[in-house]
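Engineer: A structural model of the following input is requested.
(chains A, B, C and D)
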Protein chains: 4
Amino acid sequence: MIAHECGLFGIYDHDDAARLAYFGLYAQQHRGQESAGIVTLDNGIMHMHKGMGLVPDVFSESSLAALPGKTAIGHVRYSTTGKSSPRNAQPLLAHFKGCDICLAHNGNLVNAAELREELENEGAIFSTGNDSEVFLHLLVRAMRDESPIDAVRTACSRLKGAYCFVIISGNTLLAVRDPYGFHPLALGRLGNSPVIASETCAFDLLEAEYERSIEPGELFVVDASGEHSLRLSGEFPKKPRQCIFELVYFARPDSYVFNEQVYVCRKQMGWQLAYESTPDVDFIMPFPDSGVYPAVGFAQCAELPYEHAMIRNHYVGRTFIQPTQTMRNFGVRVKINPVRAMIDGKRICIVDDSIVRGTTMMTRVKKLRELGAKEVHIRISSPPVRFPCHYGVDFPRRGELIAAQCEMDEIMKKLDVDSLHYLSIDGLLRSVMHSDSYCLACFNGDYCVPCESCRKEALEACGSATK
Amino acid sequence: MIAHECGLFGIYDHDDAARLAYFGLYAQQHRGQESAGIVTLDNGIMHMHKGMGLVPDVFSESSLAALPGKTAIGHVRYSTTGKSSPRNAQPLLAHFKGCDICLAHNGNLVNAAELREELENEGAIFSTGNDSEVFLHLLVRAMRDESPIDAVRTACSRLKGAYCFVIISGNTLLAVRDPYGFHPLALGRLGNSPVIASETCAFDLLEAEYERSIEPGELFVVDASGEHSLRLSGEFPKKPRQCIFELVYFARPDSYVFNEQVYVCRKQMGWQLAYESTPDVDFIMPFPDSGVYPAVGFAQCAELPYEHAMIRNHYVGRTFIQPTQTMRNFGVRVKINPVRAMIDGKRICIVDDSIVRGTTMMTRVKKLRELGAKEVHIRISSPPVRFPCHYGVDFPRRGELIAAQCEMDEIMKKLDVDSLHYLSIDGLLRSVMHSDSYCLACFNGDYCVPCESCRKEALEACGSATK
Amino acid sequence: MIAHECGLFGIYDHDDAARLAYFGLYAQQHRGQESAGIVTLDNGIMHMHKGMGLVPDVFSESSLAALPGKTAIGHVRYSTTGKSSPRNAQPLLAHFKGCDICLAHNGNLVNAAELREELENEGAIFSTGNDSEVFLHLLVRAMRDESPIDAVRTACSRLKGAYCFVIISGNTLLAVRDPYGFHPLALGRLGNSPVIASETCAFDLLEAEYERSIEPGELFVVDASGEHSLRLSGEFPKKPRQCIFELVYFARPDSYVFNEQVYVCRKQMGWQLAYESTPDVDFIMPFPDSGVYPAVGFAQCAELPYEHAMIRNHYVGRTFIQPTQTMRNFGVRVKINPVRAMIDGKRICIVDDSIVRGTTMMTRVKKLRELGAKEVHIRISSPPVRFPCHYGVDFPRRGELIAAQCEMDEIMKKLDVDSLHYLSIDGLLRSVMHSDSYCLACFNGDYCVPCESCRKEALEACGSATK
Amino acid sequence: MIAHECGLFGIYDHDDAARLAYFGLYAQQHRGQESAGIVTLDNGIMHMHKGMGLVPDVFSESSLAALPGKTAIGHVRYSTTGKSSPRNAQPLLAHFKGCDICLAHNGNLVNAAELREELENEGAIFSTGNDSEVFLHLLVRAMRDESPIDAVRTACSRLKGAYCFVIISGNTLLAVRDPYGFHPLALGRLGNSPVIASETCAFDLLEAEYERSIEPGELFVVDASGEHSLRLSGEFPKKPRQCIFELVYFARPDSYVFNEQVYVCRKQMGWQLAYESTPDVDFIMPFPDSGVYPAVGFAQCAELPYEHAMIRNHYVGRTFIQPTQTMRNFGVRVKINPVRAMIDGKRICIVDDSIVRGTTMMTRVKKLRELGAKEVHIRISSPPVRFPCHYGVDFPRRGELIAAQCEMDEIMKKLDVDSLHYLSIDGLLRSVMHSDSYCLACFNGDYCVPCESCRKEALEACGSATK
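Structural biologist: I've put the predicted structure just below:
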């Protein structure tokens, strides 16, 4: 499982600000299950509640009641092993000269370590392990001499990498997206109130209207004087570099993201994939839920039956007791279970969105073989992930990426499949509308924002990719 | 939503009895979300833990640690409004002459009220509102003079209606299914230990082998002397009357139930449905998840594209805070959300498994119309539900069943659809293997086990069905 | 620590019935810390909430909100090792012929086992290990033919031993105390509403007026027709046999119990004790809190300084993590800690209410010796406990009672004290007002209500007492 | 109720560091009930757990298990209305250049606002409302150029006011007490491990040996090289100014504080008080528990009977449901309840440690009058509190201090008492051993460390004191 990105939410001037933030986060729960938090602004005073776990577990009626005010921002954080800690939950809140400032962040700063060192040399203290706190320090320092809007611009001019922020400072709500536009951010409207969310599925739940994407490099500001769409300072790249994995896997299929229809893109990926390589099988089958949409497209293009023969357990996601020792591969098996009668003696084509480490795929194929599958073919609706992401996607380290370590025939052998095909980069770009505006670094190592660690890894990658 | 039936589990002579019961219930969580409970037997002493809520919420490592012993039974209970109460959670446990007896029940006794009155006249006290407690009293009374096995037979001979029981008495585990076999009960094996479950998906999670169905009228017994398959006393019906709604909706599609493949049956229902009535549309779309399997069969038979364009929220099922007043039809909308781009201007055929009250369907069709659907056609993979169930399915009262109240054209009008077709009873029976062994009372009012209340309702039903 | 008895509460026709029951139990928390429960009656329907733990932990605003109605009874249960279980929490609630009946019990039935066997032979099922459930069965059986009042009389006529009950049946609140009056029960009034409690300290907290004691053998009834003071049927003993340990230890010192002032009785016990045996010491010191009141009386009579030099930790009583291995005798030490400066080089007279096993006393004396006490004298404000109680006090088994096992000089040696004196039975009776109405069985083995097990133990006791 | 001060704990190089910190805080729970926290150091990495509530509620076995390491500090925080917030819980933890630094603070900095403004001008961000965070910033800034020990000295040289800190930096544990020594800090030993605590009662529970007080101006350091007792830099006052209210009320009577025996001091205050003014009454009675110790001394000096006739409820302190409207003065009454029989017709002398607002005293005297007390005399074992404290004691504002607002005869009238006497400052100093080393500012307005706000209040105080 690839770690999801984070989800952001913001709303200005609505009587139910906290409650709407709750549902706005709830609809974006797939973007982060580790922690959730909301800050509201009420008469110049900020109120915060955050905690570890899913949105419904972190918030209750009483915790919402303790979040008065008409302006709110919220955050859900993804879960990665090792870094999980209550003090990393967002939004972050700081006091500065009698004022409160809060912000929530989605992304990854390439120069966070350098900035952190510089700030520490000036005596700054850090209370979290988040990159976001670096920005908070830069912002507060800039605010000593500048207006909140100028301070955000000044602070952003120091950042390299991927970032979307929602910020409350004074009585102003700000939303900002980096010039490359790595991560999505959308503007909607509920009555007269502007609403900000990472994904439009949040607007659907609130019955807010989707208006438009916050553009790369845009600084959207709303205060008592109205709404303003400004630009960050500095030079901008010619083309954005949006994260195409949002379309492949992260975003909910009912969302609009980067001005694309996620569902349609995924179906197209399946269609292109079938066009590139259709095996001779009895039927097409997804691993739900991520594989469902490309599988539907694949089956339509290939004119082969679509079967929904892996059953997803709806109650997964809660904390568990430990399985017994006899329950091998429990974590994999508990999520989806094959329909035995559909497997025995069948030639099956599995469609899924990606392979990362390959271990889950290996276990599932093995199970299908045990149940009597005659042939198992794998079709993946994205190119092989061979390079690390430096802009916020938490792929495993290169050494664990099966496609970075192994040639295609080795992978087939490891997975014990009869054939394997990944969608080509070309096929992927053909599946989307704005094919020249995406970051493909995890597929081809082409990093638009370089960093020391990138370079080292890239060199190493070349070595292993050509071996 | 129709109330699910309950789920049972039993295991004999396994070191991890409580933990396996936990996972056996977890896999059957779809059969009951209101409460969960486990009783274990350890050196003649029983230990019980039960509570309101989902299995992972009711049990923790520490509550499992307090359930020692090698024999266990478990129960998940469905949720219906009004009757929800901690004291109705199962298993039930009683003390009698220094011994503990416990049992878990799936079903509904037609003569529970009569038996209860009779028992109360003899001074019996009831501490729950469960029918199951009636059986517990009968069982204990019979045990004054008889062996546990004979006592179960004697007590069952008093019962009319639907029942599956798993029972621990002394050091014996018993499982019994009523002569009509209304509800499913299966026997599996984990190592040398026999395992009992309502559905075989529990065996898959435990990696137990499915052996066979417990037969209608069978009394399966396991104790230190081995396993015994006995028969209940009394005359048996010529044919079982198994609940066909298990195949239509209740059971998990990866389970075997009544010696049928649930997934295959559901796909066949869709296939038969397409054969009976295929509209001229752009694509077929299910309401996930229950509609997915007939929709897949329908699309294959009709040779029309299958689209998965209603997106299910995976995190539903947890307790919620209240939505705001602006969030109309929240409860319906939060579960599944349409992919807007797939709806606008399209002629759509929705496939779903059943319509009960019609309110959910109405709201969803309305939403599709709002999003620009040109035509909306509904195909239902089961016949209209016109009669109440007296054997354990918690349909709404007749007055709320849309098909019992309205003619077909009225329903279409209410739902605001372009066409509507329900699968015929014939088509339904053609979709299963053992077509002469099912109860169809909810469709045709033919009750194999009569009762006063049935008769009255049936009369009334005739009236409304012929009007 | 001797296990406290239980605490009862009842209130009729008050708008805040559940809330007042909560505080009525809270004020009587010292009578039972294991579990707490309240049942209310609202329009013929009963509502129950009970759980393990202290009153404030069992109940919340939301659980009180789920207890509507103007009539309520409540119960706090004492804690003993081994029998602690949620299913033993009270009140008990039963359904019988469409009605609910509930009751709460303080006491111990000497013939419970015989009655239980008889009932089981008639087919009765027990769901708890409480004696109280035996009475519930008898009551329900009697109610088949009799009015609630007559049924209570009939059921009570079968009981031997100690009991106070508060009962709700139909719309009637009943309170009953056994003819020997072993345990206290008091009638108070809040506005026009009658209030029942085990101890009058509950009335003080509610600001209810204390009216009188419910008399031994009295059946107090309140329903729509008014209040009635009736008598149980059968012959009554000439004198009550009230539990004198209520005055020695159990009851709160600010309560009236058995028409006695608890505080005054305890001070008198100390006074009599000093009269019987005053050592030559520097000061008198209690083990708080139970020893404080006799110590105050002792110091006044002996004209010696009273010092409060053992400091009680106010936060004890909550659940703990385990101490480290180096923290010896943690359980004893954490409760009270000596003031070092007051101990070194001093001759000290400790006054406490009783010694049961002697282990706690031993540890405390040892600690005082370690801190440099020159002499340690012990004075106990009750006679030696040598016999088990069969009427509801949970003394340890005879084999663990230090005074049943050892002669006075042995006890002194074991405790390592310079002198030891127990109050004489005569002195004890001189400390109370109604000296001819108390049960002294635990001191002298004179059981007014005999039972098989009593006789056996008594014989054994004679043996050991004369050795 | 006066707000307690905070409690500190530290331990170095012990296998059970976190568990001992738990019990060290538990024993000092009376110093702070709002929040509790522990930080441990394990192989250079710090682990923190803190939360709102009492120690046993904040920590569980599992949260302790997540606190590995052999060095630990802990903190309990007092509760004041308005400022209660999870983010103010201590210890505070910061990251700086790859290292963690943590600290816990007891005290109040007089120049916190100035320092904060200065730091904010340099860009510092604050995440709490604690003074302690100011020190954390100063410390981190100093650490850029200096060793941890020198950095603590440099940072302390900027502070004015009252402070005790325990700090972990690198592998070093540091404990520091300000040159005036306002608050107590003690050094103990458990095996070879040094232990730090605000009060020695923590050592008693751990069975650690008390060694000595950390001296005013001392910087105690322990690291791999051993233990070092250093001095803070700068000039020191000639005499310490220790908070005499620790002896009057805050500290537990079984503690040594400021090289004084708390129990003995309090008894002496009662003795002096009796010497100054003994009324003609039937007996002396404390308001438990704070009044018990001076009352014991008073009764001994006055040769009058001591009665313990106000009964304390042991279960107070937990969260409550709301009382009913009929339960007037519930908050006062629930804590202690008078023994009615001892009050009626009696002339009573109440001894208590202090009067702050006077409202509690007023309610209690009224209750005694209602119960029939013939005369009520009040004796207070400390002088009238007329001035605010700037060094950490949270007295109410001057406008609420009854002694700052009213002349003695007005107070008597308000309280409705027959006589009233406060211990003189002279009498107070005669009750302690080191009479020239205490801060008396709250009694006489003599502030050794001046500040703007002090001066203003002092002026105002003079006005009201002389009117």
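Engineer: and the nearest residue to A:V152 once chain neighbours are set aside, what does it touch?
Structural biologist: With C-beta to C-beta, 6 or more residues apart in numbering or on different chains as the criterion, A:V152 has its nearest non-adjacent residue at 5.8 Å, and that residue is A:L174. For the C-beta atoms, the positions are set from N, CA and C on the backbone; glycine is no exception. For A:L174, the contacting residues are A:148-149, A:152, A:165-168, A:219-222, by C-beta atoms under 8 Å, 6 or more residues apart in numbering or on different chains.
Engineer: Can you tell me which of those is nearest B:E114?
Structural biologist: For the contacts of A:L174, the closest approach to B:E114 (C-beta to C-beta) belongs to A:V166, at 64.8 Å.
Engineer: Point out where the stretch 1-150 of chain A drops to low pLDDT.
Structural biologist: Applying pLDDT under 70 to the stretch 1-150 of chain A picks out residues A:1-4, A:79-84.
Engineer: Where do the helices of it begin and end?
Structural biologist: Here the stretch 1-150 of chain A has its helices, by DSSP state H, counting those that start in this stretch, at A:17-27, A:55-58, A:61-65, A:112-121, A:132-143, A:148-157.
Engineer: Tabulate the ones you listed (JSON lines), appending mean neighbour count.
Structural biologist: Converted to JSON lines, those look like this (neighbours: other C-beta atoms under 10 Å in any protein chain shown):
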{"stretch": "helix A:17-27", "mean neighbour count": "27"}
{"stretch": "helix A:55-58", "mean neighbour count": "21"}
{"stretch": "helix A:61-65", "mean neighbour count": "13"}
{"stretch": "helix A:112-121", "mean neighbour count": "16"}
{"stretch": "helix A:132-143", "mean neighbour count": "24"}
{"stretch": "helix A:148-157", "mean neighbour count": "19"}
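Engineer: Got phi/psi on the residue nearest to A:V152?
Structural biologist: For A:L174, the backbone dihedrals (degrees, to the nearest 10) come out as phi -120, psi 150.
Engineer: What does the pLDDT read for it?
Structural biologist: Predicted confidence (pLDDT) for A:L174: 98.
Engineer: How about A:I196?
Structural biologist: If you check A:I196, the pLDDT there is 98.
Engineer: A:R177 contacts A:G217, correct?
Structural biologist: Yes - between A:R177 and A:G217 there is a contact at 7.0 Å, judged by C-beta atoms under 8 Å.
Engineer: more crowded one of those two?
Structural biologist: Counted by other C-beta atoms under 10 Å in any protein chain shown, A:R177 and A:G217 do not tie: A:R177 has more neighbours, with 28 against 21.
Engineer: which residues touch the more buried one?
Structural biologist: A:163-164, A:183, A:185, A:214-218.
Engineer: Check the gap between it and chain C for me.
Structural biologist: Using C-beta to the nearest C-beta, to the nearest Å, A:R177 is found at 43 Å from chain C.
Engineer: For D:A208, find the nearest of the helices of the stretch 1-150 of chain A.
Structural biologist: The closest of those to D:A208 is helix A:112-121. By C-beta to C-beta, the value is 37.5 Å.
Engineer: Now that closest one - C-alpha only, PDB.
Structural biologist: Output in PDB follows, covering the C-alpha atoms of helix A:112-121 (Å, rounded to 0.1, in the frame of the first residue of the first chain):
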ATOM      1  CA  ALA A 112      13.500  21.600   4.700                       C
ATOM      2  CA  ALA A 113      16.700  20.300   6.300                       C
ATOM      3  CA  GLU A 114      18.700  23.300   5.100                       C
ATOM      4  CA  LEU A 115      16.100  25.800   6.200                       C
ATOM      5  CA  ARG A 116      15.800  24.000   9.500                       C
ATOM      6  CA  GLU A 117      19.500  24.300  10.100                       C
ATOM      7  CA  GLU A 118      19.500  27.900   9.200                       C
ATOM      8  CA  LEU A 119      16.600  28.600  11.600                       C
ATOM      9  CA  GLU A 120      18.100  26.600  14.400                       C
ATOM     10  CA  ASN A 121      21.300  28.700  14.000                       C
END
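Engineer: how about A:K414, secondary structure?
Structural biologist: helix (DSSP: H, G, I helix; E, B strand; the rest coil).
Engineer: tally of neighbours for it?
Structural biologist: A:K414 - counted by other C-beta under 10 Å - has 17 other residues nearby.
Engineer: residues touching it, list them.
Structural biologist: Contacts of A:K414 (C-beta under 8 Å, 6+ apart): A:358, A:362, A:402, A:406.
Engineer: and the two most separated of those?
Structural biologist: A:M362 and A:C406 (12.1 Å).
Engineer: any idea how far chain B is from A:S198?
Structural biologist: For A:S198, the distance to chain B - C-beta to the nearest C-beta - is 16 Å.
Engineer: Go ahead and confirm that residue touches A:P184.
Structural biologist: Yes - the pair A:S198 / A:P184 is scored as a contact, 5.7 Å apart, by C-beta under 8 Å.
Engineer: Longest strand in chain A, please.
Structural biologist: Scanning chain A for the strand with the most residues, using DSSP state E, yields strand A:99-109.
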